[in-house]
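> Sequence and predicted model, in that order:
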Amino acid sequence: MAEQTRVLVTGAGGFIGHHLTKYLVDRGYWVRGVDTKEPEYEPTAAHEFKLLDLTEARNCHEATRNVDEVYGLAANMGGIGFIETNKAVIVRDNTFINMHTIDAARNNGVKRYLYTSSACIYPGYKQKETDVTPLREEDAYPADAEDGYGWEKLYMERVCRHYTEDFGLDTRVVRFHNIFGPLGTYDGGREKSPAAICRKIALAKDEDEIEVWGDGEQTRSYCYIDDCVEGIYRLMRSDHREPINLGQDRMISINELVDMVAAIAGKKIGKQYDLTKPQGVRGRNSDNTRLREVLKWEPTISLEEGLARTYHWIAGELEKKAATAGAVVVS
Ligand code: NAD
């Protein structure tokens, strides 16, 4: 029998890392998960789970020992409300995590390394209208990434290329576009728009209004978590070393997103706009031409289906919390 491949998933206590760990264990991999915290909503599927702070070089050496591949998902991050107001700690923590992890992987003889980049590396000047042209990988330059979080991601993409060219470490770079789904953060300040909207609607009564950041006309595309982990796996098994988009290419506005979730919840929901809140770029969508070419695949789960699964999970979590606190939630 072939020897079992041993992999490290960093950020395995987080949203995508936790789902990816389950996926890889199901596929027969031996998985070590590393994070500063355990997964919040269910136990990890990892064979070994280490609580380590990866901003420290010695912890990165311990984490990357005796593994064939590294999936690097650890990051200090959150939705637009968090990344707009925590730039220094984000670039500090993520620079340390990423540089120490890739260097430790090289020193420990890791064969393949995945870096998780973001649509936030794309230039602001290409995202000024709601009806934008979908972003192709080559649109990243001339660079004008999102201040803080986005620039660190773009820099690390280049570091991966240098480590491949100069040190022979085989790297893969994926640019996620708004990944969402169950078991993701939905409150506390780090949540992203789909989870925040699901939470607000789950807590609202029929005919209530919910707060929307900006005028709600800003556009995005959203990719369901099961498609995300499938895409990550396919990329790791491919020979494609250049950065690649991983997202859906169906663009909708935040207003449409709210209406979609309200329909799933079976509630009539009004919108109250707060123009003082951070909104990010005006419009963004993924061009999936390269994804289709390289992976012979693209995300398949519809936004309606993904949102329904996410809404019901968040509503269920809120009901559990309310039951513990002795309150009533309308969902
Ligand atoms: P997440 O916040 O749920 O998970 C990140 C995990 O990293 C967390 O569990 C956190 O505790 C851990 N972490 C933070 N600092 C650490 C440290 N010092 N040592 C060890 N672990 C640490 O985020 P996610 O959505 O699962 O994102 C995973 C990766 O994908 C990140 O690199 C993120 O930047 C990238 N990404 C995500 C999205 C998205 O829509 N979710 C979009 C673009 C890029």
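All right, it came through fine. Numbers count the residues shown, from 1 in each chain.
> how near is the residue of the chain found nearest the ligand to T64?
Residue nearest to the ligand within the chain (CB to the nearest ligand atom): G14, separated by 2.0 Å. Placement of C-beta: from N, CA and C, glycine included. Separation of G14 from T64 (CB to CB, to the nearest Å): 18 Å.
> Check P299 too.
30 Å.
> for D166, same thing?
19 Å.
> Name the residue in these two with the higher neighbour count.
T64 (27 against 9; other CB atoms under 10 Å).
> which ones are touching I264?
For I264, the contact set (CB atoms under 8 Å, 6 or more residues apart in numbering) comprises E304, L307, A308, Y311.
> Helix, strand or coil: sort out it for me.
helix (DSSP: H, G, I helix; E, B strand; the rest coil).
> Leaving out sequence neighbours, find the closest residue to G270.
E209 (3.8 Å; CB to CB, 6 or more residues apart in numbering).
> so how many other residues sit close to that neighbour?
E209, neighbours per other CB under 10 Å, totals 12.
> Kindly report the same for S302.
Neighbours of S302 using other CB under 10 Å come to 12.
> Which pLDDT value goes with it?
Note on S302: pLDDT of 98.
> on that earlier part again, among the contacts of I264, which lie within helices?
E304, L307, A308, Y311 (DSSP state H).
> Wait, the first one touches D259, no?
No. Using CB atoms under 8 Å as the test, E304 is too far from D259 to be in contact (11.4 Å).
> between the two, who's got more neighbours?
D259 (15 against 12).
> check contacts around that one.
So D259 contacts I269 (CB under 8 Å, 6+ apart).
> Now do the SS call for it.
Per three-state DSSP, D259 ends up helix.
> where do the helices sit along the stretch 1-150 of the chain?
15-26, 57-63, 80-83, 87-107, 149-167 (DSSP state H, counting those that start in this stretch).
> in the longest one, what's buried?
Neighbour-count burial for helix 87-107, with 16 or more other CB atoms under 10 Å as criterion, is recorded at 90-91, 93-94, 96-106.
> Just the residues contacting that helix, thanks.
Outside helix 87-107, the residues touching it (CB under 8 Å, 6+ apart) are 10, 54-57, 59-61, 63-64, 70, 72, 74-77, 83, 113, 115, 147-149, 151-153, 155-156, 159-160, 163, 167, 169, 171.
> Buried among the ones in helices among the contacts of I264? Need that as a selection in PyMOL.
Applying 16+ other CB under 10 Å to these leaves a buried subset, and the PyMOL line that selects it is:
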select buried, resi 307+308+311
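> Next, format the ones in helices among the contacts of I264 as JSON lines and append distance to R199.
Shown next, in JSON lines, are those (distance: CB to CB, whole Å):
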{"residue": "E304", "distance to R199": "18"}
{"residue": "L307", "distance to R199": "13"}
{"residue": "A308", "distance to R199": "15"}
{"residue": "Y311", "distance to R199": "9"}
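> dump the residue contacts of the residue nearest to G270.
Contacts of E209 (CB under 8 Å, 6+ apart): I269, G270, K271, Q272.
> By neighbours, which of the residues you listed wins?
Busiest of the contacts of E209 [other CB under 10 Å] is I269, holding 20 neighbours.
> thought that one was touching L257?
No. Between I269 and L257 there is no contact under CB under 8 Å: 11.4 Å.
> gap between the lowest-mean-pLDDT helix or strand in the chain and the chain center?
Ranking every helix and strand in the chain by mean pLDDT, DSSP states H and E puts helix 80-83 at the bottom, with a mean of 92. Chain-centre distance of helix 80-83: 13 Å, with CA atoms, centre = their mean, to the nearest Å.
> Noted, bye for now.
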